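Asker: please work out how this folds:
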Amino acid sequence: MPIPTEPIGSIPRTPALLAAMRSYADGRISAEQLQTVEDVALRDTIARFEDTGSPIITDGEQTKSSFATYPLSGLGNLAADGVGIPFADGHTRQLPRLTAGPFRYGVHAVSYLKAAQRHAHRPMKQAVISASALSLLYPQSGVAGYSREAFLEDLIEEAERDIRECLEAGGACVQIDFTEGRLALKLDPSGGVLKAFIDLNNRVLDRFSDAERERIGVHTCPGGDHDSTHSADVDYTGLLPELFRLKVRRFYVQLASEVARGRVLTTIRNLLKPGQMLFVGVTDPINPKIESPEAVRDRVLEAAEFVPLESLGTTDDCGFSPFADDTSTSRETAFAKIKSRVEGTAMAAKILGV
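Answerer: Down below sits the predicted model:
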C-alpha cells in the first residue's frame, strides 16, 4: 500500500472570488451573483487539485471567510471586540465576542462538502474548526443569563454535529483544525489552558465510536497567515504529549518548517500508539520556494527513520490561505507545492518498498 498523502485544506481564492466577496460585503452585488462566482472558483479549484494527482482533495475552503469563523456566518449575537491573536510580524487577527446565548452555528461544514462533491471525482476530506478555538468566543466577564458551562454544552453539541454530518455525507475523513494548541502554551506556559482545550475537544470526540474516529483527525501548526506565525517560538515538545491525548486516529503535524525535526520526530515516536496515523508536513506553505519532489522525498525518508511505515503519511504544514484575504501565496505556488508533495511521497514509497 503506498504512503498516503493528504492536503490540509485552504487554497488561495481566485482574484475574481475575492473581488466578489468584497462587492457582496459592500452591498454592490447580490447573494445569487456571489454564488455564481463562488461556483466557478470551486470548480476550478477542484479541477486543479485533481490535476496534481492528489488522491484525496478538499474544496480549498474557497467559500469560507476563514477556517476558524465559518460557523459564525449570519449570527447576530456577536460583537467584534473578542480575543486578539498576535502574529510574529505584528499583525493581529481578532475573534468576535459572544454577547448572548444560546450559541448555535450559523453554517455547518457539511454545506461546503456537499457543494464540492458535485464537482469532484476523487474522495474529499473536510476541515472543521475545533470546539476549543470557538470556546474563545465566550468572554471572561461572562454573558448575562448564559453560563459558561451552558455555552460549552451547546458548543459541544454543535461541534459534534459539524463532524458527524460530514462523516454521514461521505467525507473521506474529517480534520479538526487545532492551530490554537501551540498558541495555548504561549498564552499560558503552565499548560493549564492547553489541557483544558484537549479535555474540551475530547468531550466532543467521546460522542463518536471507535470506527467513526478512524476517519477523524486533528491538525496542528504554529499558525500561518500573511507568511507569519503566532507560536513557532513555542517548544513543540511541550505540545505533543497533550496533543496525542486527543481521541482521534489521524494526526496532521507541521514539520517541514520546523528546525529540529529529528527532535520532534523522536518525541512523536514515543507517543504514537498502534493504529494511529501520523501525517508529517513535507511542504511549507509560508515559504515562497517550491519544494522539489526530491526534497519532499528526503523529508519522507527522514520521517521513516522514526515512524513505522504503516503509520506514516504526508501532508502540507498548513493551509495555504486560512483567511480569505491572505494573498501572500499564489494559487500557482500552492498547487505546485501540492504536486511536489504527491510526487515526492511516491518517490519515497518506491525506495521504501511500499
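Asker: low-confidence regions, this protein specifically.
Answerer: Scanning the chain for pLDDT under 70 picks out 1.
Asker: contacts only, for residue 104.
Answerer: Residue 104 makes contacts with 75, 154, 158, as judged by CB atoms under 8 Å, 6 or more residues apart in numbering. Heads up, the C-betas are built off the backbone N, CA and C, glycines and all.
Asker: do the same with residue 129
Answerer: 67-71, 162, 176-177.
Asker: look up phi and psi at it.
Answerer: phi -80, psi 150 (degrees, to the nearest 10).
Asker: so which residue is smack in the middle of this structure?
Answerer: The centroid of the chain falls nearest to residue 177 when counting by CA atoms, centre = their mean (3.7 Å).
Asker: could you pull out the helices for the stretch 101-250 of the chain?
Answerer: For the stretch 101-250 of the chain, the helices defined by DSSP state H, counting those that start in this stretch cover 110-117, 131-134, 148-168, 180-187, 192-205, 210-213, 236-243.
Asker: need the winner for burial among those helices.
Answerer: Comparing the helices of the stretch 101-250 of the chain by mean neighbour count (mean count of other CB atoms under 10 Å), helix 131-134 comes out on top with a mean of 24.
Asker: ok, back up a step: can I get the helices of the stretch 101-250 of the chain in JSON lines with distance to residue 282?
Answerer: Output for the helices of the stretch 101-250 of the chain, formatted as JSON lines (distance: least, CB to CB, whole Å):
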{"stretch": "helix 110-117", "distance to residue 282": "24"}
{"stretch": "helix 131-134", "distance to residue 282": "25"}
{"stretch": "helix 148-168", "distance to residue 282": "25"}
{"stretch": "helix 180-187", "distance to residue 282": "19"}
{"stretch": "helix 192-205", "distance to residue 282": "26"}
{"stretch": "helix 210-213", "distance to residue 282": "25"}
{"stretch": "helix 236-243", "distance to residue 282": "16"}
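Asker: if we can go back for a sec, so the residue nearest to the centre of the chain sits right up against residue 224, yeah?
Answerer: No. Judged on CB atoms under 8 Å, residue 177 makes no contact with residue 224 at a distance of 11.2 Å.
Asker: select, out of the helices of the stretch 101-250 of the chain, the one closest to residue 252.
Answerer: Distance to residue 252, taken as CB to CB, is lowest for helix 236-243 among the helices of the stretch 101-250 of the chain, at 10.7 Å.
Asker: helices or strands up against the closest one?
Answerer: Here helix 236-243 touches helix 180-187, helix 192-205, strand 216-220, helix 261-269, going by 3 or more CB pairs under 8 Å, 6 or more residues apart in numbering; DSSP states H and E.
Asker: what does it rub up against?
Answerer: 178, 181-182, 185, 191, 194-195, 198, 218, 220, 251, 258, 260, 263-264, 267-268, 271.
Asker: and the residue nearest to residue 159 when sequence neighbours are not counted, how far from residue 186?
Answerer: Among residues not flanking residue 159 along the chain, residue 131 sits closest, at 4.0 Å (CB to CB, 6 or more residues apart in numbering). Per CB to CB, to the nearest Å, residue 131 is found 20 Å from residue 186.
Asker: could you do residue 322 as well?
Answerer: Residue 322 is 18 Å from residue 186, by CB to CB.
Asker: and what of residue 301?
Answerer: Distance from residue 301 to residue 186, by CB to CB: 32 Å.
Asker: do the same with residue 261
Answerer: Taking CB to CB, one finds residue 261 at 21 Å from residue 186.
Asker: go on, residue 60?
Answerer: 29 Å.
Asker: sorry, back to before: what sits against the residue nearest to the centre of the chain?
Answerer: With the criterion set at CB under 8 Å, 6+ apart, residue 177 makes contact with 9, 67-68, 127-130, 133, 219.
Asker: looking at strand pairing, list the partners for it.
Answerer: residue 129, residue 219 (DSSP bridges).
Asker: and for residue 274, the neighbour number?
Answerer: Look at residue 274: counted by other CB atoms under 10 Å, it has 7 neighbours.
Asker: torsion angles phi and psi at it?
Answerer: According to degrees, to the nearest 10, residue 274 has phi -60, psi 140.
Asker: what about it, distance to residue 215?
Answerer: Distance from residue 274 to residue 215, by CB to CB: 18 Å.
Asker: and what of residue 3?
Answerer: Taken as CB to CB, the span from residue 3 to residue 215 is 18 Å.
Asker: likewise residue 342?
Answerer: Residue 342 is 21 Å from residue 215, by CB to CB.
Asker: now swap in residue 231 and tell me
Answerer: Taken as CB to CB, the span from residue 231 to residue 215 is 28 Å.
Asker: now the farthest one out in this structure, which residue is it?
Answerer: Computed with CA atoms, centre = their mean, the most peripheral residue in the chain is residue 145, at 33.1 Å.
Asker: residue 102 is in contact with that one, correct?
Answerer: No. Assessed by CB under 8 Å, residue 145 is found out of contact with residue 102, at 10.2 Å.
Asker: what about the spatially closest residue to residue 53 that is not a sequence neighbour, which helix or strand?
Answerer: Nearest non-adjacent residue to residue 53, counting by CB to CB, 6+ apart: residue 342, 4.6 Å away. Element membership of residue 342 [criterion: DSSP states H and E] is helix 331-352.
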